[in-house]
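Undergrad: what follows is a predicted protein model with its sequence.
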Amino acid sequence: MKTRILPFFVALPVIFLSNNLAAQEYDFSVGSGYPFFFNAEASMPVQEHKGRAWLSYRASLDHGAAVGYEYALDHQNQHAVGVIGGALGMKMKDCHGDDNTFGCALTAVFSDSAINGLGVTYSFSPYGLNNDGFKLRLEAGRGKISNRDGYYNGANLVLSYQF
């Protein structure tokens, strides 16, 4: 549990205190997606509103935090790519080779674990990257699970509203 919360507290000052606080504006968004059903996010525009640094908390059957940066690709700031560190996705219990497949499948639904690592993002914001409105972001990467060996691929889809 402590290892999941630690990146949150380390990233918070780096993102939000690295720039001049008096000249920055902050945005907040709330959304849902898969596999994390709840996503709360704080962000701030950087690089003359062409970029965006963000910090989010995500929850599902497991929870985690992530920090990221996105940069707009077009002049309307609708399409953006970026990087992410933190909770990338979820991994279910593996039932392959289990004698009691039905029982394993039932418990697998409630034994998801967050994959923590590094990845890339693509987001679409119809009203602009740093403007109010709906946003759709796809995240994908590779990382570890705290109670398992090895590396796993993870992905997350988030639909949120920024206000």
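TA: That came in fine, so what should we check first? Numbering: from 1, shown residues only.

Undergrad: okay, now the residue nearest to residue 34 when sequence neighbours are not counted: neighbour count?
TA: Ranked by Cβ to Cβ, 6 or more residues apart in numbering and with sequence neighbours excluded, the top spatial neighbour of residue 34 is residue 157, at 5.3 Å. All C-beta spots, glycine's among them, are computed from the backbone N, C-alpha and C. Neighbouring residues of residue 157 were enumerated by other Cβ atoms under 10 Å; the total is 15.

Undergrad: same question for residue 140.
TA: When neighbours are counted by other Cβ under 10 Å, residue 140 registers 16.

Undergrad: for residue 143, give the beta-bridge partners.
TA: Bridge pairing for residue 143 (DSSP bridges) gives the partners residue 117, residue 152.

Undergrad: surely it and residue 117 touch.
TA: Yes. Under the criterion of Cβ atoms under 8 Å, residue 143 is in contact with residue 117, at a separation of 1.7 Å.

Undergrad: which parts of the chain are helices?
TA: Counting by DSSP state H, residue ranges of the helices within the chain are 2-16, 101-108.
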